[in-house]
Structure formats: C-alpha cells, structure tokens
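> Structure for this input, please:
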Amino acid sequence: MAQSSQTAFRGGWNRDTGCPVHAFSLVVCRHPDTRLWLAVNENKGRGWWLPGGFVECGDDHFDTAIKETKEEAGVDVVLKGVLRVENNMTAFGGRQRVVFYAEPADLKQKPKDTPDKESQGAKWMSLEELREKGKLKPPKGLRGMELLDWANYLDRGGTIYPLEILATEETPVPIP
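The predicted structure follows:
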C-alpha cells in the first residue's frame, strides 16, 4: 500500500491507486436589480476575486458554492445555473472546478466589510469598476481576470446552463 501511495504522489497514479481529484466551486453573483457584481477582497494581498473554495469531504459543489459565498462575501445566494464545468487530468491527479451563476437571496443584504480568516471583505462592483481593477495589480486590483471575463460574458448574453447539468451517478435521468 505504501508503494502505491508513493507512486501515486509522484505522478504515477493508475487504476489500482486511483486518481486524486481536487474539486472547487466558484460563484459569479450578480444583483438582479443593480446589475452589480459581487467581488471578494482576498486575504494575503491577493486582490479581488470570485467567492469560492475547495469542496470538503461530505459537501458537494452546490453546498460549497453557497457556503463559500457566505463565508467570504457575507452574502446568502440562490444558485441559478452553471456557467462551466472545468476538468483537468494530469499525471499528478485531477482538478475540477464548477463555476456557478447566482443571485443574492436577500436583495437588501450587504456584503461583509469586516476582515476575518476568510477574506478582507466584499463589495458589489459595476462592470466599469471591474475593468478599472483589471488594470491594477493585487492587492488593489483583480487576483485574476475571471470575474471580469464572466461579467463580460453574461453582460453580452452568455448562456447560463441549468443546475440539473450537475448530478450524482444515482440521480435518475430526467423525463423530458
């Protein structure tokens, strides 16, 4: 067993050892009335980004998306759809990310503004504010361009896929 684990760690996973997969949920949240985008000011000077995080044992992508948005941004959300499922397989294992589209559950709820272990806070931002932050380096700028890219995508009428696109193997095939 020790040999199999060690081989898997060095990038030699196979059917016997299994493939370690790290799963993450990300949330693109837009306020339906103001059309503003929810941005999280990440800890450690990493800049502004999407709410999201690692799918813990016992959780699923849906649970994680809702939990991480609340923890990092202080906003309760309703998941409305899936923007993309990303899956990468390498010799060292797999990485899967599900990018959700969400809206706030309470349209009057304000994002958190007190730093804690999850984030420095969060803010609703316009597309123009995101564009401006995209020109800056962290910590004042965006951690990556994903939030801006998804905001542009949705602003241009991009597709939001139904939540039912994600299912467990046990979920029955829907009847049309």
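> I'd like to know which elements the helix ranked longest in the chain is packed against.
Longest helix of the chain, by residue count under DSSP state H: helix 61-73. Under the contact definition 3 or more Cβ pairs under 8 Å, 6 or more residues apart in numbering; DSSP states H and E, helix 61-73 sits against strand 21-29, strand 37-42, strand 52-54, strand 77-90, strand 93-104. Any C-beta I mention is one placed from the backbone N, CA and C, and that applies to glycine too.
> what bits of the protein have low per-residue confidence?
The chain contains residues with pLDDT under 70 at 1-11.
> now do 80
Filtered on pLDDT under 80, the chain yields the residue ranges 1-12.
> residues near residue 103, how many?
Using other Cβ atoms under 10 Å, residue 103 has 16 other residues around it.
> who does the residue most central in space within the chain bridge with?
By Cα atoms, centre = their mean, the mean C-alpha position of the chain lies nearest to residue 26, the distance being 0.6 Å. Per DSSP bridges, the residues bridged to residue 26 are residue 52, residue 99.
> thought it was touching residue 97?
Yes - checked against Cβ atoms under 8 Å, the pair residue 26 and residue 97 is within contact range at 6.1 Å.
> Restrict stretch 31-46 to CA atoms and write it as PDB.
C-alpha atoms of stretch 31-46 as PDB (Å, rounded to 0.1, in the frame of the first residue of the first chain):
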ATOM      1  CA  HIS A  31     -27.500  41.600  -8.200                       C
ATOM      2  CA  PRO A  32     -30.700  41.400 -10.400                       C
ATOM      3  CA  ASP A  33     -31.800  45.000  -9.600                       C
ATOM      4  CA  THR A  34     -28.500  46.900  -9.600                       C
ATOM      5  CA  ARG A  35     -26.700  44.600 -12.100                       C
ATOM      6  CA  LEU A  36     -23.600  44.900  -9.900                       C
ATOM      7  CA  TRP A  37     -21.200  42.000  -9.400                       C
ATOM      8  CA  LEU A  38     -20.100  40.500  -6.100                       C
ATOM      9  CA  ALA A  39     -16.300  40.700  -5.600                       C
ATOM     10  CA  VAL A  40     -14.300  39.400  -2.700                       C
ATOM     11  CA  ASN A  41     -11.200  41.100  -1.400                       C
ATOM     12  CA  GLU A  42      -9.000  38.100  -0.800                       C
ATOM     13  CA  ASN A  43      -6.700  37.700   2.200                       C
ATOM     14  CA  LYS A  44      -2.800  37.900   1.900                       C
ATOM     15  CA  GLY A  45      -2.900  40.800  -0.500                       C
ATOM     16  CA  ARG A  46      -4.100  38.500  -3.400                       C
END
